[in-house]
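*Asks:* one predicted model, sequence on top.
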Amino acid sequence: MNASGCIILAKATGRILMQQRSSQVKYPSTWGFFGGKSEGAERPIETLLREIQEEIGSIPAYQKVFPLSSYTSNDNKFTYHTFVILVKKEFIPKKLNAESNGYSWTGIGNFPQPLHPGVKSQLSNKHILAKIKTIQEQS
């Protein structure tokens, strides 16, 4: 199984958009990235864009999409692709679906708690945080 998720990064503020997961999904009430499982033969970027459309009601006007990281489980049965979507400024999602309790624009390093375990792993990785900051500073 494959899945894709994203960090939506606002160039103007350097803050990222995070999702508070609802009780209808695994790891309820944790904070994570918008995204989800692939359908059929979707490529990771196709999964990402479809999931964003479903979860926040529209695909935000973005400047660029950057691949950030990929995680594959030890048994090779699950791969998660993380992207950074760079937008000019913060926005209000049009309509959150039932997978979300809410959202928050948050500073890098000042994340709401508790974090989804996979997100916590990524956001505690110094190399991944450095890549996010580089994207914000150099784009």
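*Replies:* On my side now, so go ahead. Numbering: from 1, shown residues only.
*Asks:* and stretch 8-24, how far from the chain's centre?
*Replies:* Relative to its parent chain, stretch 8-24 has a centroid offset of 7 Å by CA atoms, centre = their mean, to the nearest Å.
*Asks:* what are the buried residues along it?
*Replies:* 8-11, 15-21 (16 or more other CB atoms under 10 Å). (C-beta placed from N, C-alpha, C; glycine too.)
*Asks:* would you point out the most distant pair within these?
*Replies:* 11 and 21 (26.0 Å; CB to CB).
*Asks:* just the strands in this protein please.
*Replies:* Assigned by DSSP state E, the chain shows strands spanning 2-10, 15-21, 31-32, 34-37, 64-72, 79-87, 100-107.
*Asks:* adding mean pLDDT and distance to residue 50, write those strands out as JSON lines.
*Replies:* As requested, the strands of the chain are exported to JSON lines (pLDDT from 0 to 100; distance: least, CB to CB, whole Å):
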{"stretch": "strand 2-10", "mean pLDDT": "97", "distance to residue 50": "9"}
{"stretch": "strand 15-21", "mean pLDDT": "97", "distance to residue 50": "16"}
{"stretch": "strand 31-32", "mean pLDDT": "98", "distance to residue 50": "17"}
{"stretch": "strand 34-37", "mean pLDDT": "96", "distance to residue 50": "8"}
{"stretch": "strand 64-72", "mean pLDDT": "96", "distance to residue 50": "14"}
{"stretch": "strand 79-87", "mean pLDDT": "97", "distance to residue 50": "13"}
{"stretch": "strand 100-107", "mean pLDDT": "97", "distance to residue 50": "16"}
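*Asks:* out of the ones you listed, nearest to residue 119?
*Replies:* Here strand 31-32 is closest among the strands of the chain (CB to CB), at 4.5 Å.
*Asks:* give me the helices and strands touching the closest one, please.
*Replies:* Here strand 31-32 touches strand 15-21, helix 117-123, going by 3 or more CB pairs under 8 Å, 6 or more residues apart in numbering; DSSP states H and E.
*Asks:* can I get these in TSV including distance to residue 111?
*Replies:* Formatted as TSV, those follow (distance: least, CB to CB, whole Å):
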stretch	distance to residue 111
strand 15-21	7
helix 117-123	6
